[in-house]
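S.K.: How does the following fold in three dimensions:
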Amino acid sequence: MKNKRRLALAMCLLMTGCSPDGALDIPDEEHIVSSLRNGLKEHSSVIEITFYSDDDVSRSLADAADRLMRAAMYESEDPTGGDYIRYQYGGYSGEFGCRRVSCNYLCSIKLIPDYYSYLVYENKVNEKVAEIQAGFGFDDETADAEKVKAVYDYICQNVKYDRIHVKNPHHRLRSTAYSALCMGTATCQGYAVAVYRLLKENGIDARVVTGSTDRAEDSFHAWNICCVDGMYYNLDATWDSGSDSSEGYDYFLRGSCFEGHTPAEEFMTRDFTERYPVAESDYE
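M.R.: You can find the predicted model right below:
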């Protein structure tokens, strides 16, 4: 079932060298990032980038690859980009090199992504998402808060925590939208990615947040923040899963004092908190 797609990007331009901050200046980088993102979304098994340089820049290629991968997973309005890619793959291995060709150097970056699932599974997720969307029946008059509640209800009522595979590091499918939406079981990361996908499909800005909790069994945990009426709120479908929504949820649209949750350092930076300001109070 493994996908054998191969993506090759060839840039026949001369590099200008390094930018003022020391980063490698790759020609037409925006196009490369866009193609790289598409390759990740299509589960390409190998992604190759080649370009010409005036100099041997072999030592800079690994850092350039990291930069390109981060850029490929930068947040946008795309429900299948950003965190949806980031939290369903386990990094990549790479091969880098430059060889002399005439009076220039041909530089090569070869990336081998490590995906949590297969493309055939992702196609099934797309079908399931379309089915779920049709069931929501949202229209132009549906308020964002109502959309968020419907998505949250769906996940909490249709996904159960995967206690069978929770301690099996080799069963990474547990952390995917496929496991949550198509199999009905997932661990916290699978819950969070599924919530993220459905919220973004409905025009709700959202992120996956990771960190730690005060529960011993959840030393690593994943949840979401989403935007309602211009402010962001925390929601944890994993912990509310199985709850009766008619009686309210304990971890739905909560403000900055999110009981039991400590975000990782990257979600506490000034850049992140300014871009995603979490409300001080819970949503009412």
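S.K.: which residues in the stretch 101-250 of the chain form strands?
M.R.: Along the stretch 101-250 of the chain, counting by DSSP state E, counting those that start in this stretch, strands occupy 104-115, 160-161, 185-186, 206-213, 221-228, 231-235.
S.K.: for the last one, the distance to its chain's centre please.
M.R.: If I follow you right, that is strand 231-235. How far strand 231-235 lies from its chain's middle: 18 Å, per Cα atoms, centre = their mean, to the nearest Å.
S.K.: Could you tell me the angle between that strand and strand 221-228?
M.R.: Strand 231-235 and strand 221-228 are oriented at 150 degrees to each other (axes from the mean of the first three to the mean of the last three Cα atoms, to 10 degrees).
S.K.: Distance to residue 64 and mean pLDDT added to the strands of the stretch 101-250 of the chain, as CSV?
M.R.: Any C-beta I mention is one placed from the backbone N, CA and C, and that applies to glycine too. Putting the strands of the stretch 101-250 of the chain into CSV (distance: least, Cβ to Cβ, whole Å; pLDDT from 0 to 100) gives the following:
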stretch, distance to residue 64, mean pLDDT
strand 104-115, 7, 95
strand 160-161, 40, 96
strand 185-186, 34, 97
strand 206-213, 26, 96
strand 221-228, 29, 97
strand 231-235, 32, 98
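S.K.: Among those strands, which comes closest to residue 31?
M.R.: strand 104-115 (14.4 Å; Cβ to Cβ).
S.K.: As CSV, could you dump the C-alpha coordinates of that closest one?
M.R.: Extracted in CSV, the C-alpha atoms of strand 104-115 (Å, rounded to 0.1, in the frame of the first residue of the first chain):
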residue,chain,number,x,y,z
ASN,A,104,29.1,26.0,-12.0
TYR,A,105,27.9,23.6,-9.3
LEU,A,106,24.8,21.4,-9.6
CYS,A,107,23.2,21.3,-6.1
SER,A,108,20.9,18.6,-5.0
ILE,A,109,18.5,18.2,-2.0
LYS,A,110,16.8,14.8,-1.8
LEU,A,111,14.1,14.5,0.8
ILE,A,112,12.5,11.3,2.0
PRO,A,113,9.4,12.1,4.2
ASP,A,114,8.2,9.8,6.9
TYR,A,115,4.4,9.7,6.7
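S.K.: Check which strands are paired with it and give the direction for each one.
M.R.: When pairing is defined by DSSP bridges, strand 104-115 lines up against strand 46-53 (antiparallel), strand 89-101 (antiparallel).
S.K.: pull the helix or strand with minimum mean pLDDT from this protein.
M.R.: When the helices and strands of the chain are compared on mean pLDDT, DSSP states H and E, strand 17-18 comes out lowest with a mean of 54.
S.K.: Spatially, what comes nearest to residue 77 if we skip its sequence neighbours?
M.R.: In space, and not counting its chain neighbours, residue 77 is closest to residue 200: 7.2 Å by Cβ to Cβ, 6 or more residues apart in numbering.
S.K.: what do you get for residue 272?
M.R.: With sequence-adjacent residues excluded and distances taken as Cβ to Cβ, 6+ apart, residue 272 is closest to residue 266, at 6.7 Å.
S.K.: What values do phi and psi take at the one you found?
M.R.: phi -60, psi -20 (degrees, to the nearest 10).
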